[in-house]
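> Got a predicted model here, sequence first, then my questions.
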Amino acid sequence: MKISEELKQRSGNSCELCGNKDALFEYIVPPKSGESSDEQVVTCSTCKSQIENPENIDTHHWRCLNESMWSEHAPVQVVAYRMLQALQTEEWANDLLGMLFLDEDTKEWAEQSNTDVQIVHKDANGNILNAGDTVTLIQDLNVKGAKFTAKRGTAVRRIRLVPNNAEHIEGKIEGQQIVILTKYVKKS
Ligand SMILES: [Zn+2]
């Protein structure tokens, strides 16, 4: 059976989180690649957009987890767990989180942050950058808010990767911690 068919059957053609029947999507639960239906959840557009943009979260909408967190399907449990964590400051959500039991593998999956896996920092040549690397500036940079230009060829040691932005790293130049665009550096 095709994945879409499996998902249709499993979900009864409704959002597996809130039960909505309109505008359904197959949401691949990160960091999985969606190779099987066990890595995906059927969601409505409301759920999907809030999963993907937690800053727009509508607390009330997620009361639906009260039911859906008891799903027997791991991907649904993972999404429920993550959303409850995002809502943890709400007492009801914190209570539900306390009741939600995940087996070991599912819990590990739920706790993998999306950013660990999806965001890769690369230098101007496409080499992968890691925290702690030394990089060299490949052009002069005007440092915002500082009174100097960081010269091409300057080495920046022990860089830090900005977690939510693959194009930004941080490092110290002339004693100041600054944000540098990855396209202006190469790994030494
Ligand atoms: Zn929904």
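Structure received. Residues are numbered from 1 along each chain as shown.

> The protein - how does it break down into domains?
3-114, 135-187 (automatic domain parsing).

> Which of these has the lowest mean pLDDT?
Of all those, the minimum mean pLDDT falls on domain 135-187 (a mean of 90).

> For it, what is the distance to the chain centroid?
24 Å (Cα atoms, centre = their mean, to the nearest Å).

> got it, and stretch 54-65?
Using Cα atoms, centre = their mean, the offset of stretch 54-65 from its chain centre is 17 Å.

> got it, and stretch 83-94?
On Cα atoms, centre = their mean, the centre of stretch 83-94 falls 18 Å from that of its chain.

> Can you list the residue ranges for helices in this protein?
3-11, 45-52, 65-68, 74-86, 91-99, 104-111, 114-118 (DSSP state H).

> Quick check: residues of the chain near the ion?
Neighbours of the ion within the chain, by Cβ under 5 Å from the ion: 15, 17, 18, 20, 44, 47. Placement of C-beta: from N, CA and C, glycine included.

> tell me the phi and psi of the third one?
As for residue 18, its main-chain torsions (degrees, to the nearest 10) stand at phi -120, psi -10.

> shouldn't it be in contact with residue 69?
No. Look at residue 18 against residue 69 with Cβ atoms under 8 Å: they stay out of range, at 11.7 Å.
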